[in-house]
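[1] structure, please.
(chains A and B)
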Amino acid sequence: DTTVKQNPRYKLARVGKPVNLICSQTMNHDTMYWYQKKPNQAPKLLLFYYDKILNREADTFEKFQSSRPNNSFCSLYIGSAGLEYSAMYLCASSPWDRGREQYFGPGTRLTVL
Amino acid sequence: GDSVTQTEGQVALSEEDFLTIHCNYSASGYPALFWYVQYPGEGPQFLFRASRDKEKGSSRGFEATYDKGTTSFHLRKASVQESDSAVYYCALGATQVVGQLTFGRGTRLQVYA
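    I've put the predicted structure just below:
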């Protein structure tokens, strides 16, 4: 099974409210990633976990949090959603030694109103 | 920083037409180059990769050749089918950090029967 699952598929949030997105994989991959995708823009890497080590991109460091309670699950947390957070959020996983060959979930479309 | 440019935002073809999607990159060192494909309702899927100059990657009838001289990795297919309709992403993997991908903005291919 090479499936990466994301929940929910669609999320509506109010400005200023928190948002929590969930990703799971059963491939025993040691690395999990979160990307943000906006229309007509490239997917942008937000952060990734290698095992229990979190790496966040410098320009999104303070905007997104994440946790990985076990190898299979990873969450993306927004403490206070703003309009600019409206986007598709893609989760991916890979084994570390083949990190560029990533398996993606179908995404969660977040709309902030 | 590293970047990937996909010239075409959208391409419309008829079945059995020849496909070219242009991809140019800018990166230090010697990056690995990738193509990913995203079908409607799904996340991006790894298509193939190339890691050195003049290397050809291929899968499902698609191919691209790593050209360090022109910093390009153009995607080609001799005869497209309606089922090839999807968004195609060119990406590069930095030499310094395993696992990180820099994507282009994607090219939406629509093939008409």
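[2] what comes up buried for the host helix or strand of residue A:23?
    In the assignment (DSSP states H and E), residue A:23 maps to strand A:19-25. Buried residues in strand A:19-25, counting neighbours by 16 or more other C-beta atoms under 10 Å in any protein chain shown, are found at A:19, A:21, A:23, A:24, A:25. For every residue, glycine as well, the C-beta is placed using N, CA and C.
[3] and the next element down the chain from it?
    Next along the chain from strand A:19-25, counting by DSSP H and E, comes strand A:31-37.
[4] surely residue A:76 meets residue A:89?
    Yes. Counting by C-beta atoms under 8 Å, residue A:89 is a contact partner of residue A:76 at 6.2 Å.
[5] shared neighbours, these two?
    A:21, A:34 (C-beta atoms under 8 Å, 6 or more residues apart in numbering or on different chains).
[6] if we can go back for a sec, which strands or helices does the strand holding residue A:23 pack on?
    Packing partners of strand A:19-25 (3 or more C-beta pairs under 8 Å, 6 or more residues apart in numbering or on different chains; DSSP states H and E): strand A:4-7, strand A:10-13, strand A:31-37, strand A:73-78, strand A:87-94, strand A:108-112.
[7] ok now that strand, how far from the chain's centre?
    In terms of C-alpha atoms, centre = their mean, to the nearest Å, the gap separating the centre of strand A:19-25 from the centre of its chain is 7 Å.
[8] pairing partners for that strand, with directions?
    strand A:4-7 (antiparallel), strand A:73-78 (antiparallel) (DSSP bridges).
[9] could you check the pLDDT of residue A:98?
    The model reports residue A:98 with a pLDDT of 64.
[10] nope, residue B:59 is what I was after
    97.
[11] quick one: the helices and strands packed on strand A:19-25 as a markdown table, columns for mean pLDDT, mean neighbour count and distance to residue B:105 too.
    Listed next are the helices and strands packed on strand A:19-25 as a markdown table, based on pLDDT from 0 to 100; neighbours: other C-beta atoms under 10 Å in any protein chain shown; distance: least, C-beta to C-beta, whole Å:
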| stretch | mean pLDDT | mean neighbour count | distance to residue B:105 |
| --- | --- | --- | --- |
| strand A:4-7 | 96 | 18 | 22 |
| strand A:10-13 | 97 | 14 | 23 |
| strand A:31-37 | 95 | 24 | 10 |
| strand A:73-78 | 96 | 19 | 22 |
| strand A:87-94 | 96 | 24 | 13 |
| strand A:108-112 | 98 | 18 | 18 |
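[12] need those in TSV (columns: distance to residue B:101).
    TSV is the format used below for those (distance: least, C-beta to C-beta, whole Å):
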stretch	distance to residue B:101
strand A:4-7	15
strand A:10-13	24
strand A:31-37	8
strand A:73-78	17
strand A:87-94	9
strand A:108-112	19
